[in-house]
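Undergrad: Structure here, sequence nowhere to be found:
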């Protein structure tokens, strides 16, 4: 038989405010709602915090959800309009990412998979150059995906874009840079890629990109 206790206050046997217990469980719950451990920690199985402040010493989840990418300057040379490779040494390519390579994963030849759904900020910066009195009126970079099918590879829909021009006024090389950025609510396993382009004769020098989860959705 189930016993029901109805009371407005519970005190310890000596009248103090300390009451010892280990778990709290709703009658309809399959497991404990709250577990109180001997080390003073508290585990809430599935809870919602509607208000309050998290202290500076609160440790968040172990996953980092960021990735930094670099295409080193040793790649300088002529390019077509093309996506950056996510592995290998065929120009243009990113070296292996630094950060959370479990939740932001290089897949296929050009894509990066965002395993966790959420709002991300993504930046992509590229340096271009020209030499010997040459000019390029339109070089740029793009962050892209497939808007209609987010898990499809090598999407061509532009999320963010930057463009510039570069001109060499003498025999020395001159440089210019373009930056693309986007803040976007991505679905789980969403694929993105990074593309550079030129209209005439621009040369590629180097590139950097960063991907960071702002918050899950």
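TA: Cool, the structure landed. What you see is a predicted model; the values in this text were computed from it and never measured.

Undergrad: For the protein, give me the ranges with low pLDDT.
TA: 1-2, 15-19, 60, 132-136, 168-172 (pLDDT under 70).

Undergrad: Geometric centre of it: which residue is closest?
TA: residue 212 (3.1 Å; Cα atoms, centre = their mean).

Undergrad: for that one, helix, strand, or coil?
TA: Assigned by DSSP: H, G, I helix; E, B strand; the rest coil, the conformation of residue 212 is strand.

Undergrad: Show me what it bridges to in the sheet.
TA: residue 66, residue 121 (DSSP bridges).

Undergrad: isn't it right up against residue 65?
TA: Yes: the pair formed by residue 212 and residue 65 meets the contact definition of Cβ atoms under 8 Å, at 6.9 Å. Placement of C-beta: from N, CA and C, glycine included.

Undergrad: I'd like the distance between the residue nearest to the centre of the chain and residue 107.
TA: 19 Å (Cβ to Cβ, to the nearest Å).

Undergrad: What helices and strands are in contact with the helix or strand in which residue 70 is found?
TA: Taking DSSP states H and E as the criterion, residue 70 maps to strand 66-71. Applying 3 or more Cβ pairs under 8 Å, 6 or more residues apart in numbering; DSSP states H and E, one finds that strand 66-71 makes contact with strand 98-99, strand 203-216.

Undergrad: name the helices or strands packed onto the last one?
TA: Using 3+ Cβ pairs under 8 Å, 6+ apart as the contact definition, the elements that strand 203-216 packs against are strand 66-71, strand 77-78, strand 111-114, strand 118-130, strand 190-198.
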